[in-house]
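Colleague: Would you be able to build a 3D model of this:
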Amino acid sequence: MSSLKGMFLFSEKTCGPPPLVSHGQIIQPDRTTNETVQYTCQDGYQLHGSSILKCILSQWQPTPPICEPITCNDPQINFNGYIESLSNNNSSRYSIDSIIRFHCSSNLILRGPRLSKCRFNGSWSPKIPKCEKPIPCAIPSLPANGHYRNLRPFIQYIDDGSQLQYVCGNSRYRRRIFCRQGKILPRMPKCFNNCQVEDEQIIFSKKIYRHREKVYFTCNNNNNNNNNSLPSINNETIYCINGNLSKQPICQKIPIICIVPHTLFLRNIANTTIPSGTSFQIGSSFSYTCIQDYQPINQSAIVECLDDGKLSHHAHCVPKSCKEHPPMINNGRTIFHSTIHGSIARYKCFPGYKFENNNLVKLICQFGLWLPKQLPKCLPIFCPNPGPLINGRIYVVLKDERVSPLPIRSEFRSYIPNVSHGRTIEFECNSGYVLHGPTGLTCNHGRWMPAERPRCIIEHHVQPNIIFTG
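Modeller: Numbering: from 1, shown residues only. Predicted structure coming up:
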């Protein structure tokens, strides 16, 4: 049992809360002076009575509606057979999702579905079938080039609802016709003959084609005695139509020639004006040049017409490649994989150096030139002056094996503004002072490592305790 959903406030001077409706709920409450409520039913229930109640003279009017279960009518009314309930339903009305089975008398045939189900809208789906008196069908005449299968002699009629099978010619595909209330369905089609093809000059994809099937074939090159000719096939599409070809395929000999292709960026061919589509005889050749900023796709610009009617290679021009490798830069290296048009060369600075302009770190090969012409620059990375060491000295460590196998130290000058990447400085305190912190720092990409700075503090000597014994 369901009740109203939600709570609504109503004036005590009017009607108070609206009455409850089992399996129903209130929608669209009106809080104006003439209070109005509207009822609706839950899924599977239908409303009987007025869906709208108004507060009139302190009473809700008219009488509240009722939500009753949706049911389907007894289909026996429109069915001239008998019905079997599959849902244990004993009443004349069926609840939602009830399923029934239809049966006909022995002398009648069921036309339609055998099962039906009660839907939420109170209707049966599929629709109620009918029991009809069977009407036999006269067996139609055999189509030309066709025969029935498993049909006894002297049979002139077939029963309503039965079927016959027939085959056209020697085909292995069976076709069916059905008897429906004295009519043969579908309409009796025709049987068409196949096409059987054979020709010494023509090679067909197969020997037998069905009606309306497209015919595929090629010419037999083995029967061609002239080495300077090839077979030609007419371009019309051919079909098999009831045992005959729609058109007769033709293979004829034509001279073997080479055709100059349509090629972009050609300046001229053999210094003459030769349009695309011009033909050349076997064994002849032509040369071509390209327009500015383009080059032949092959090393040779001479193209020969071969015996099979094909060109030795394509006469095609492509953008020029860069003849040289991309230029080198100081304090950096170049990374590239090709010099053809569109190739990219990237630059990378050595450790301790950085680009002057990060936007200019690559070149592109464009029509034979590496562009832009302005090259990137790798500038050294410096560390700032470390500042003085109070009560101590700073040394720069120089290592040059040509001078000495051991590092050479030179005193750091305070006026030096910065120190280059990779250089090391060492600290040493004056006499009477002790170094606290790292003994040295190394310039690493503009930063001193480690970051801690040392200090020189006064060395304190602890007097030993002297014990005299007597």
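Colleague: Geometrically speaking, which residue is the centre of this structure?
Modeller: Centroid-nearest residue in the chain, with C-alpha atoms, centre = their mean: Gly342, separated by 29.2 Å.
Colleague: I figured that one hits Ile364, correct?
Modeller: Yes. Taking contacts as C-beta atoms under 8 Å, Gly342 lies within contact range of Ile364: 7.0 Å. For every residue, glycine as well, the C-beta is placed using N, CA and C.
Colleague: residue contacts, Leu375?
Modeller: Neighbouring residues of Leu375 by C-beta atoms under 8 Å, 6 or more residues apart in numbering: 327, 329, 347, 360, 363.
Colleague: rerun that using 6 Å as the cut-off
Modeller: Taking C-beta atoms under 6 Å, 6 or more residues apart in numbering, we find Leu375 in contact with Ile329.
Colleague: State the distance from it to Pro326.
Modeller: Counting by C-beta to C-beta, to the nearest Å, the separation of Leu375 from Pro326 is 9 Å.
Colleague: Please apply the same query to Ala451.
Modeller: Distance from Ala451 to Pro326, by C-beta to C-beta: 39 Å.
Colleague: which of the two has more neighbours?
Modeller: Using other C-beta atoms under 10 Å, the more surrounded residue of Ala451 and Pro326 is Pro326, with 21 against 8.
Colleague: Not counting its neighbours along the chain, what's nearest the more buried one?
Modeller: Nearest-residue entry for Pro326: Ala345, 3.7 Å, with adjacent residues in sequence omitted and distances by C-beta to C-beta, 6 or more residues apart in numbering.
Colleague: since we're on the one you found, how many residues are nearby?
Modeller: 20.
Colleague: So it lies in a strand, does it not?
Modeller: Yes. Under DSSP: H, G, I helix; E, B strand; the rest coil, Ala345 falls within a strand.
Colleague: Quick check: bridge partners of it?
Modeller: Leu363 (DSSP bridges).
Colleague: averaged over its residues, what pLDDT does stretch 249-260 have?
Modeller: Across stretch 249-260, pLDDT averages out at 74.
Colleague: And that stretch, end to end?
Modeller: 29 Å (C-alpha to C-alpha, to the nearest Å).
Colleague: Okay, buried residues for it please.
Modeller: For stretch 249-260, burial by neighbour count (16 or more other C-beta atoms under 10 Å) applies to 249, 251, 256, 258, 260.
Colleague: Also stretch 329-340?
Modeller: Buried residues in stretch 329-340 (16+ other C-beta under 10 Å): 329, 332, 334, 336, 339.
Colleague: Serialize those residues to TSV and add fields for secondary structure.
Modeller: What follows is those, written out as TSV (three-state DSSP):
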residue	secondary structure
Ile329	coil
Gly332	strand
Thr334	strand
Phe336	coil
Thr339	coil
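Colleague: Closest one of these to Gly112?
Modeller: Phe336 (79.2 Å; C-beta to C-beta).
Colleague: what's the nearest residue to that closest one if we skip its chain neighbours?
Modeller: Ala345 (3.9 Å).
Colleague: How about the contacts made by that neighbour?
Modeller: 326, 334, 336, 363.
Colleague: Same question for Asn150.
Modeller: Contacts of Asn150 by C-beta under 6 Å, 6+ apart: none found.
Colleague: coming back round to it: CSV for the buried residues of stretch 329-340, including distance to Gln196?
Modeller: Below are the buried residues of stretch 329-340 laid out as CSV (distance: C-beta to C-beta, whole Å):
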residue, distance to Gln196
Ile329, 78
Gly332, 78
Thr334, 72
Phe336, 66
Thr339, 63
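Colleague: Quick check: the farthest pair among those residues?
Modeller: Gly332 and Thr339 (19.2 Å).
Colleague: Reformat the buried residues of stretch 329-340 as a markdown table; add pLDDT and distance to Thr424.
Modeller: Listed next are these as a markdown table, based on pLDDT from 0 to 100; distance: C-beta to C-beta, whole Å:
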| residue | pLDDT | distance to Thr424 |
| --- | --- | --- |
| Ile329 | 88 | 27 |
| Gly332 | 89 | 24 |
| Thr334 | 90 | 30 |
| Phe336 | 91 | 35 |
| Thr339 | 90 | 42 |
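Colleague: Going by distance to Trp60, which of those residues wins?
Modeller: Among those, and counting by C-beta to C-beta, the member closest to Trp60 is Phe336, at 90.4 Å.
Colleague: mind checking how far that closest one is from Lys320?
Modeller: The value you get for Phe336 to Lys320, if C-beta to C-beta is used, is 17 Å.
Colleague: again, but for Arg149
Modeller: Taking C-beta to C-beta, one finds Arg149 at 76 Å from Lys320.
Colleague: So for the two, which residue has more residues nearby?
Modeller: Neighbour count, other C-beta under 10 Å: between Arg149 and Lys320, Lys320 has more, with 18 against 11.
Colleague: and the more buried one, how far is that from Glu213?
Modeller: Distance from Lys320 to Glu213, by C-beta to C-beta: 54 Å.
Colleague: likewise Ser51?
Modeller: 66 Å.
Colleague: in the stretch 51-200 of the chain, what spans have low per-residue confidence?
Modeller: The stretch 51-200 of the chain contains residues with pLDDT under 70 at 77-79, 89-92, 170-173, 189.
Colleague: Please apply the same query to the stretch 201-350 of the chain.
Modeller: In the stretch 201-350 of the chain (pLDDT under 70), the answer is 221-236, 254, 261-278.
Colleague: run the last query once more with 50
Modeller: 271-273 (pLDDT under 50).
Colleague: Using the three-state scheme, assign the closest residue to Gly387 other than its chain neighbours.
Modeller: Excluding the flanking residues, the one nearest Gly387 by C-beta to C-beta, 6+ apart is Arg453, at 7.9 Å. Following three-state DSSP, we place Arg453 in the coil state.
Colleague: Can you give me the separation between Arg453 and Arg149?
Modeller: 107 Å.
Colleague: With Ser420 instead?
Modeller: 101 Å.
Colleague: ok, now Ala451?
Modeller: The separation that Ala451 has from Arg149, given C-beta to C-beta, amounts to 99 Å.
Colleague: cool, and Cys378?
Modeller: 91 Å.
Colleague: same question, Cys383
Modeller: 101 Å.
Colleague: Ignoring the adjacent residues along the chain, who's closest to Asn331?
Modeller: Per C-beta to C-beta, 6+ apart, closest to Asn331 is Cys378, 3.9 Å.
Colleague: oh, I was asking about Asn145
Modeller: Nearest to Asn145 is Cys191, by C-beta to C-beta, 6+ apart, at 4.2 Å.
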